[in-house]
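*Asks:* I would like to see how this sequence folds:
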Amino acid sequence: MAKVIMVQGTMSGVGKSLLTAGLCRIFRQDGYRVAPFKSQNMALNSYVTAEGLEMGRAQVMQAEAAKTEPMVCMNPILLKPVSHTGSQVIVNGEVLGNMGAREYFDYKTKLIPDIKRAFRKLERYADIIVIEGAGSPAEINLKQNDIVNMGMAGMVDAPVILAGDIDRGGVFAQLLGTLMLLTDSERRRVKGLIVNKFRGDRSILDPGTEMLEKRGGVPVIGIIPYMELDLDDEDSLTERFEKRPPGRIDIAVIRYPMISNFTDFNVFERIPDVTVRYVTSAAELGRPDLIFLPGSKNTMGDLKWMRGNGLEAAVKRLAGDVPVFGICGGYQILGNSVSDPDGVEEGGSVRGMELLPVVTVLEREKTRRRTEGVLGGVDGILGAISGCGFEGYEIHMGRTVPAEGTDMPQGAMVVSGPRKNVYGTYVHGLFDQGGMADAIVRALAEKKGIRLQDGGPADHRTWKETQYDKLADTLRACLDMEAVYGMLREARLE
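*Replies:* A predicted model of the protein is given here:
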C-alpha cells in the first residue's frame, strides 16, 4: 500500500491546495513517486486528461508539482455548479447528470465505491499519496456520510494535518474550534497543526502556538509565511478577481456569474506592463486594449446577464477597434444564436451578440478532447499569432457551426469572421505555449504606439516549475518535515 497523508483546513481558502502541492513537490524531490488525491472537488476550472476525461485543475496543478501526468483517478468526483443550488456531477471524468444540492447530498454515498476504486488505482502507481480535503471537517451540516474530509481519512486510515489561515484573522479560534467539533476518533487522526499565510515576525506568535498546543493537544508543525506564487488557484476564492487599475496594456476579462477556466489568462499576468482585470459592469470595463469573454458553465444565463447589466452593449460598442476574443462559452456568446433543444441549460433559444457569424446548438453529449497544432491565418490586429504552435483542450456541451449563408471555414482553431478584430475558439490553454501571449501583447502595444519593457515571459511550463520549487523551498524552511515523515511512517501500519 502507498503511504498516505491528508491536508485538511478550518475553512475554504486556507491554502490546502498549495500545501498539498508543496508536499507533493517535496516528496518528489526526495525521490518518491507521488500523487495527489481529492475525492470530491467543486470547481469550474477543469481539465481534460490524455484519455479525454475531465478533472479539476487543482489536482492537475498538484500532479504537475509531483512531476506526474494528471489522471482522473486523482479526482474521481467533480462538481461543476450550474446555479446557486445545483451542479453538474462528473464521476471518473464523465458526466453523470445535473443534481440539486439536496439530491446530491442524499446520493453521494453511492459514489463511495468509485472513490475507493480510484484510490486503489492510484496506489498501484504511487509510493506516497497526498490527499486534500474540502472546506472544513467541522461543517456539522455536511458531516453526515462525509466522503471528502474525515470520512475520506477513515476510508484509507490517513493521518491529518489541519491548516488555518491567519491572514483572515481568528486563526486560534479556527484551529481550536475545529478540534472541539471533531469526534474523539477524528481528533486522534489530527497529528499536526499549521498556521498558514503569516506576515511578520514569527516570534510574536510563540504565546499563541504554545496555547494552541496546550489546549488542542496537537503540535504546531509549521508557521507558513504568506507566499506570492503564480500557480493555478481554486476559482471560488481566487485573489485574481480583486479590483486592479489598468496597466499600460489593459486586458479586461468579463467575469460573468458562471465564469469557468479563467486559468486561460494567467499567462498574460506575467508579462511586464500588462494588467489583467476581471470586470462585472460596463462602468468597470472602460476602454481596454483587449476584451476576453471566458468560458461559462451556463452560456445562456451568462449571456442574459451581460445583456441585462449593459456589458453586452458596451462590448459591442468597442468591438472592431478593440479586439474581442471569446473562448469556449465566450465563443458561443459571440455568435448569432445559442439554442438548447434538449434543456441542457435553460431550454429554448437566445440571440447571441452577433459579432461572429456562427450558431451554437447545445447538446447533452459533452465534447472532451486534447488538441494541438499550428494556427492558420488569423486576420486583424491579432494576425501576429498566425503560425504559432499550441497545445490545449476542449470541454463544451455544444456544437458551433457557420451561420447559414456564410463561407467561414470549419475546423479552424481560431475563428475570425467578417467583423474586424473579433475572434473565437474552443481551445483552453491556447496561449500557454509558443510565445502566443507575448505576440498578442506586442501587437496591442504596436497598435497603441508604445514600447514595452524587454523580457517577455518564460515558457509557461518552465515558469511553473520555478514556482513549484519556490513553494517547496518555503515549506521545507518553515515546516517540520521530520514530523511529517514521522506521520507517513506510522500511517497504515499492518
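
*Asks:* Using the record's assignment, carve this structure into domains.
*Replies:* Per automatic domain parsing, the structural domains of the chain span 3-231+464-490, 249-448.

*Asks:* Residue 347 - how many residues pack around it?
*Replies:* A count of nearby residues for residue 347, using other C-beta atoms under 10 Å, gives 12. C-beta: built from backbone N, CA, C; applies to glycine.

*Asks:* quick one: contacts for it?
*Replies:* By C-beta atoms under 8 Å, 6 or more residues apart in numbering, the contact list for residue 347 reads 340, 341.

*Asks:* Ok, residue 133 next?
*Replies:* Contacts of residue 133 (C-beta under 8 Å, 6+ apart): 6, 7, 8, 9, 16, 38, 148, 149, 152, 153, 160.

*Asks:* Could you check which helix or strand contains residue 393?
*Replies:* Applying DSSP states H and E as the criterion places residue 393 in strand 389-402.

*Asks:* okay, that strand in PDB with CA atoms only?
*Replies:* What follows is strand 389-402, C-alpha atoms only, in PDB (Å, rounded to 0.1, in the frame of the first residue of the first chain):
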ATOM      1  CA  GLY A 389       2.000  26.400 -32.300                       C
ATOM      2  CA  PHE A 390      -0.300  25.400 -29.500                       C
ATOM      3  CA  GLU A 391      -1.400  22.600 -27.200                       C
ATOM      4  CA  GLY A 392      -4.800  22.700 -25.400                       C
ATOM      5  CA  TYR A 393      -8.000  21.000 -24.700                       C
ATOM      6  CA  GLU A 394     -11.700  21.400 -25.300                       C
ATOM      7  CA  ILE A 395     -14.600  21.000 -22.800                       C
ATOM      8  CA  HIS A 396     -18.000  22.000 -24.000                       C
ATOM      9  CA  MET A 397     -21.600  21.000 -24.300                       C
ATOM     10  CA  GLY A 398     -22.400  22.500 -27.700                       C
ATOM     11  CA  ARG A 399     -21.600  22.300 -31.400                       C
ATOM     12  CA  THR A 400     -20.800  25.600 -33.200                       C
ATOM     13  CA  VAL A 401     -21.000  25.900 -37.000                       C
ATOM     14  CA  PRO A 402     -21.000  28.700 -39.500                       C
END
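
*Asks:* Please spell out which residues along that strand are buried.
*Replies:* Across strand 389-402, burial judged by 16 or more other C-beta atoms under 10 Å covers 390, 392, 393, 394, 395, 396, 397, 398, 400, 402.

*Asks:* average pLDDT across the top helix by length along the chain?
*Replies:* Looking across the chain with DSSP state H, the single longest helix is helix 460-478. Averaged over helix 460-478, pLDDT sits at 92.

*Asks:* Could you do stretch 353-372 as well?
*Replies:* The average pLDDT within stretch 353-372 is 94.

*Asks:* mind listing what's buried in it?
*Replies:* Those would be 353, 355-362, 366, 368, 370-371, for stretch 353-372 by 16+ other C-beta under 10 Å.

*Asks:* Equivalent analysis for stretch 187-200, please.
*Replies:* 187, 189, 190, 191, 192, 193, 194, 195, 196, 197, 198.

*Asks:* Using CSV, write out the CA atom coordinates for it.
*Replies:* C-alpha atoms of stretch 187-200 as CSV (Å, rounded to 0.1, in the frame of the first residue of the first chain):
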residue,chain,number,x,y,z
ARG,A,187,-9.4,14.3,16.7
ARG,A,188,-7.0,11.4,17.1
ARG,A,189,-6.3,11.5,13.4
VAL,A,190,-5.1,15.1,13.6
LYS,A,191,-1.3,14.8,14.0
GLY,A,192,-0.2,18.4,13.4
LEU,A,193,-1.4,22.0,13.0
ILE,A,194,-0.3,24.6,10.5
VAL,A,195,-0.7,28.4,10.8
ASN,A,196,-0.7,29.5,7.2
LYS,A,197,-0.3,32.8,5.4
PHE,A,198,1.6,34.6,8.2
ARG,A,199,3.1,38.0,7.7
GLY,A,200,5.6,39.4,10.2
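
*Asks:* in the stretch 251-400 of the chain, which spans are helices?
*Replies:* Per DSSP state H, counting those that start in this stretch, the stretch 251-400 of the chain carries helices over the ranges 282-285, 299-309, 311-318, 329-334.

*Asks:* What residues sit buried inside the third one?
*Replies:* Same thing as helix 311-318. By 16+ other C-beta under 10 Å, the buried positions in helix 311-318 come out as 311, 312, 314, 315, 318.

*Asks:* My understanding was that the second one contacts residue 306; is that so?
*Replies:* Yes: contact status for residue 312 versus residue 306: in contact at 4.3 Å, counting by C-beta atoms under 8 Å.

*Asks:* Need the residues touching each of those two.
*Replies:* Common neighbours of residue 312 and residue 306, counting by C-beta under 8 Å, 6+ apart, are residue 353.

*Asks:* returning to what we had before: which stretch among the helices of the stretch 251-400 of the chain comes nearest residue 100?
*Replies:* helix 299-309 (16.2 Å; C-beta to C-beta).

*Asks:* and the angle from that closest one to helix 311-318?
*Replies:* Taking axes from the mean of the first three to the mean of the last three C-alpha atoms, to 10 degrees, helix 299-309 and helix 311-318 form an angle of 80 degrees between their directions.

*Asks:* Mind listing what's buried along helix 299-309?
*Replies:* For helix 299-309, using 16+ other C-beta under 10 Å, the buried residues are 299, 300, 301, 302, 303, 305, 306.

*Asks:* Name the helix or strand for residue 87, please.
*Replies:* Taking DSSP H and E as the criterion, residue 87 maps to strand 86-91.

*Asks:* That strand pairs with which strands, and in what direction?
*Replies:* strand 77-81 (antiparallel), strand 94-100 (antiparallel) (DSSP bridges).
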